[in-house]
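> Need a 3D model of the sequence below.
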Amino acid sequence: MPIAIALTIGGSDSGGGAGIQADLKTFTALGVHGCSAISCVTAQNTLGVSRVDALPPEALTAQIEAVVSDLAVGALKTGMLLNQALIEATAAAIAPMRVAKLIDPVMVSRAGAVLLEADAIESYRRCLLPQAELLTPNLHEAHLLSGLPVRDGAEVERAASALLAMGPAAVLIKGGGLAELRGRDYLLSAAGPGRWLAHAPIDTPHTHGSGCTLGAAITAYRARGLDLEAAVVAAKGYVEGGLRRALAIGGGQGPLCHWHGLEAE
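Sure, this is the predicted structure:
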C-alpha cells in the first residue's frame with residue numbers, strides 16, 4: 001500500500017506549538033509522512049513571538065521543488081508566508097501540482113497578532129485563493145480577505161460566500177475567536193449548501209497552534225484519500241482530542257497534545 005505523503009509550507013515555531021512543527025507532529029500522529037518547506041523562522045515560545053526572519057523566496061522555491069521532484073505528495077497546506085514575495089513564490093511553485101491544496105491564510109492570530117505584511121493581502125487573493133481546494137481563515141482573516149464584518153454566525157456565512165466567489169473550491173471559517181462560536185466552524189463549498197460543524201467547547205487556555213493543527217489534520221486525511229468533508233470532520237475530532245489533553249507548559253499559552261491518538265499504542 002502506498003505511503004501517504006503531505007507537504008507543509010510555512011513558518012518555523014521555535015517553541016514547537018504551531019507552524020511547521022505542529023504540522024509535522026500532526027502528520028506523524030495521523031500516519032502520514034510529512035515534508036516541509038520553511039518560509040520564515042520565528043523566535044517564539046508560549047509567551048509570544050519576539051522575532052521573525054523571512055527566507056529569500058528562492059530558498060522557499062528550492063525547498064518545494066526538491067520535495068515534489070522526488071516524493072509523491074498527495075496533499076499540501078500553506079501557513080505563514082509573511083510577505084508578497086513569499087506568497088508569489090509559493091503560488092508559482094505549487095501551481096503545477098494536481099493535489100489537494102489547503103490554503104491557511106495566516107495573517108492574524110486568533111488573539112489579534114499581525115503575522116503578514118500589509119501589502120500582501122491582495123497577493124493572497126490573486127495568487128493563492130484560486131488554487132485552494134479549501135481556504136481556512138480564522139475570523140480576523142475572513143474579515144481582511146472579504147472586507148466584510150465577521151462578528152456573528154450570520155456574518156460568518158456572508159463572508160464565506162464572498163470568499164467562495166474569489167476562487168477557492170471550499171471555505172472553512174474557524175469560529176473559535178468568538179465566545180458564542182467556540183467549537184463551531186462553517187464549511188461552504190460550490191457543491192452544496194453551507195454546514196456548521198461543531199464539537200463541545202473545551203475549557204482550556206492552552207490552544208496555541210490549534211488552527212495550524214486543524215489545517216494539517218485536514219491535509220493529512222486528504223493525503224490518505226478521504227473526501228474533503230470527511231477529512232474536515234475527522235480533523236475536527238483530532239483537534240478536539242488535542243485540546244482535551246492540551247499541554248500546560250511554559251509561562252503562557254501552551255499547545256495542543258499532538259500525540260493523543262497514539263496514547264493507546
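> residues contacting residue 37?
7, 8, 9, 60, 63, 64, 67 (CB atoms under 8 Å, 6 or more residues apart in numbering). Placement of C-beta: from N, CA and C, glycine included.
> Report the buried residues of the lengthiest strand in the chain.
For the chain, the longest strand by residue count, based on DSSP state E, is strand 33-45. Neighbour-count burial for strand 33-45, counted by 16 or more other CB atoms under 10 Å, picks out 33, 34, 35, 36, 37, 38, 39, 40, 41, 42, 44, 45.
> thought the fourth one was touching residue 24?
This points to residue 36. Yes - counting by CB atoms under 8 Å, residue 36 sits close enough to residue 24 to count as a contact (6.3 Å).
> Mind listing the shared neighbours of the two?
Common neighbours of residue 36 and residue 24 (CB under 8 Å, 6+ apart) are residue 8.
> all strands for the stretch 101-250 of the chain, in order.
Using DSSP state E, counting those that start in this stretch, the strands found in the stretch 101-250 of the chain span residues 134-135, 170-174, 184-189, 192-198.
> With distance to residue 99 added, can I get those strands in JSON lines?
Formatted as JSON lines, the strands of the stretch 101-250 of the chain follow (distance: least, CB to CB, whole Å):
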{"stretch": "strand 134-135", "distance to residue 99": "12"}
{"stretch": "strand 170-174", "distance to residue 99": "15"}
{"stretch": "strand 184-189", "distance to residue 99": "18"}
{"stretch": "strand 192-198", "distance to residue 99": "23"}
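> Which one of those strands lies nearest to residue 149?
strand 170-174 (12.9 Å; CB to CB).
> circling back to that earlier point, I'd like the strands of the stretch 101-250 of the chain as JSON lines, with distance to residue 215 and mean pLDDT appended.
Output for those, formatted as JSON lines (distance: least, CB to CB, whole Å; pLDDT from 0 to 100):
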{"stretch": "strand 134-135", "distance to residue 215": "8", "mean pLDDT": "98"}
{"stretch": "strand 170-174", "distance to residue 215": "9", "mean pLDDT": "97"}
{"stretch": "strand 184-189", "distance to residue 215": "11", "mean pLDDT": "94"}
{"stretch": "strand 192-198", "distance to residue 215": "14", "mean pLDDT": "91"}
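> got these as JSON lines, with mean neighbour count and distance to residue 145 columns?
JSON lines is the format used below for these (neighbours: other CB atoms under 10 Å; distance: least, CB to CB, whole Å):
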{"stretch": "strand 134-135", "mean neighbour count": "27", "distance to residue 145": "8"}
{"stretch": "strand 170-174", "mean neighbour count": "27", "distance to residue 145": "10"}
{"stretch": "strand 184-189", "mean neighbour count": "21", "distance to residue 145": "14"}
{"stretch": "strand 192-198", "mean neighbour count": "13", "distance to residue 145": "17"}
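> So for residue 151, which of the ones you listed sits nearest?
strand 170-174 (12.3 Å).
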